[in-house]
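>>> No sequence on hand, only this structure:
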Ligand SMILES: [Fe+2]
Ligand SMILES: [Fe+2]
């Protein structure tokens, strides 16, 4: 396994990667070349293919989203590492280990997250149907919730990302619990909303050698599909729609807050406002932590739309230049 965070300039690299993206372009001199991005479970790296010997008869873009075996040399360009690929082919089945290609938060973090989810689920009130609909959803899609990422980019975009996101949000609520109860927030409803708000993300993504969006993501999305899932489970359980279940539906439909951010409803309850902000808080924290984990100690992050409208984030304040 090649650790992308530990590559040195001019190092030779040979191994299997997921080809996340590839495109063909022309140099100033009119020569074909390819550029794109590779991934294994240690991270992602840009690549170039300058010597396109087979370009007349073969198109490397056909390898997109496949596992590929490459031979390359590391090149550091303007402080950033990239691979200059000398040879690339589709990997044989026997050469592919998907757990080595997909980014993952690791089993230890999953165990932490899943323990919190199970505890919080069991503590939901048995009246009003909250426990019934949440536990039915989690038992229906047990395998998916345990494995799935919460996104294909932006935040929690690694294996186990879904459970780590949900556990993170529940942890934030627990740390504020006394203050929330003092302010008359319906904490069990808020926790049920957290447990279900992103449940339909399991229909938004498919996992092969990389994490890809589905047609359901484009056409329906987890906000609407999540409400559909709630309706389906209320019906299957033979429950009547009471206030708690309607308010739970509102939490799912409004958790993206703004219509232009994918919400079907603007938040109209205190639990809905809080759920949106706790969702954002956990997402922001995770983006920052992942930048730190994946950065191999550099001072500034990559550009981030989520944290800074496309600007960089200071990862290591102790490395600041002298001010005077
Ligand atoms: Fe969401
Ligand atoms: Fe979320």
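Sure, I can see it. The shown structure was predicted, so the numbers you read here are calculated from the model rather than taken from an experiment. Ligands and ions are numbered 1, 2, ... in the order given.
>>> now the stretch 151-300 of the chain, which segments are flagged as low pLDDT?
Where the stretch 151-300 of the chain drops to pLDDT under 70, the residues are 296.
>>> Ligand 2 contacts on that one?
198, 279 (Cβ under 5 Å from the ion). Bear in mind the C-beta positions are built from the backbone N, C-alpha and C, glycine included.
>>> For the stretch 151-300 of the chain, which segments count as helices?
For the stretch 151-300 of the chain, helices defined by DSSP state H, counting those that start in this stretch occupy the ranges 161-175, 177-182, 187-197, 201-204, 215-219, 221-236, 243-254, 270-294.
>>> what's the burial count for the closest residue to ligand 2 within the stretch 101-250 of the chain?
The stretch 101-250 of the chain approaches ligand 2 most closely through residue 198 (4.3 Å), counting by Cβ to the ion. The number of residues packed near residue 198 is 25, by other Cβ atoms under 10 Å.
>>> hang on, the earlier thing: quick one, which of the helices of the stretch 151-300 of the chain is packed in tightest?
Ranked by mean neighbour count, these are led by helix 187-197 with a mean of 25 (mean count of other Cβ atoms under 10 Å).
>>> what angle separates it from helix 161-175?
Interaxial angle of helix 187-197 relative to helix 161-175 (axes from the mean of the first three to the mean of the last three Cα atoms, to 10 degrees): 170 degrees.
>>> for helix 187-197, packing partners?
helix 107-122, helix 130-140, helix 161-175, helix 177-182, helix 221-236, helix 243-254, helix 270-294 (3 or more Cβ pairs under 8 Å, 6 or more residues apart in numbering; DSSP states H and E).
>>> Now tell me what touches the fourth one from outside.
Translated: helix 177-182. When contacts are defined by Cβ atoms under 8 Å, 6 or more residues apart in numbering, helix 177-182 is touched by residues 173, 187, 190, 274.
>>> swap in the fifth one?
Residues lying outside helix 221-236 but in contact with it, judged by Cβ under 8 Å, 6+ apart, are 129, 133, 136-137, 140, 196-201, 203-204, 216, 241, 245, 248-249, 252-253, 255-256, 262-264.
>>> Tell me where the stretch 1-150 of the chain has strands.
With strands called from DSSP state E, counting those that start in this stretch, the stretch 1-150 of the chain shows them at 12-26, 32-40, 43-49, 67-77, 80-90.
>>> Adding mean pLDDT, mean neighbour count and distance to ligand 2, write the ones you listed out as JSON lines.
Output for the strands of the stretch 1-150 of the chain, formatted as JSON lines (pLDDT from 0 to 100; neighbours: other Cβ atoms under 10 Å; distance: least, Cβ to the ion, whole Å):
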{"stretch": "strand 12-26", "mean pLDDT": "92", "mean neighbour count": "17", "distance to ligand 2": "23"}
{"stretch": "strand 32-40", "mean pLDDT": "91", "mean neighbour count": "19", "distance to ligand 2": "23"}
{"stretch": "strand 43-49", "mean pLDDT": "91", "mean neighbour count": "19", "distance to ligand 2": "22"}
{"stretch": "strand 67-77", "mean pLDDT": "91", "mean neighbour count": "18", "distance to ligand 2": "29"}
{"stretch": "strand 80-90", "mean pLDDT": "90", "mean neighbour count": "17", "distance to ligand 2": "30"}
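>>> so what's the residue nearest to residue 243 when sequence neighbours are not counted up against?
The spatially closest residue to residue 243, leaving aside those adjacent along the chain, is residue 128, at 7.9 Å (Cβ to Cβ, 6 or more residues apart in numbering). Counting by Cβ under 8 Å, 6+ apart, residue 128 touches 242, 243, 244, 245.
>>> same deal with residue 101?
Applying Cβ under 8 Å, 6+ apart, we find residue 101 in contact with 16, 17, 18, 39, 40, 41, 67, 209, 210.
>>> I'd guessed the first one sits against residue 66; true?
Just to be clear, that refers to residue 16. No - using Cβ atoms under 8 Å, residue 16 is not in contact with residue 66, being 10.4 Å away.
>>> overlap in contacts of those two?
Taking Cβ under 8 Å, 6+ apart as the criterion, residue 16 and residue 66 both touch residue 91.
>>> what pairs with the nearest residue to residue 89 once chain neighbours are set aside across the strands?
Leaving aside its sequence neighbours, residue 89 sits nearest to residue 69 (Cβ to Cβ, 6+ apart; 5.5 Å). Counting by DSSP bridges, residue 69 is bridged to residue 16, residue 89.
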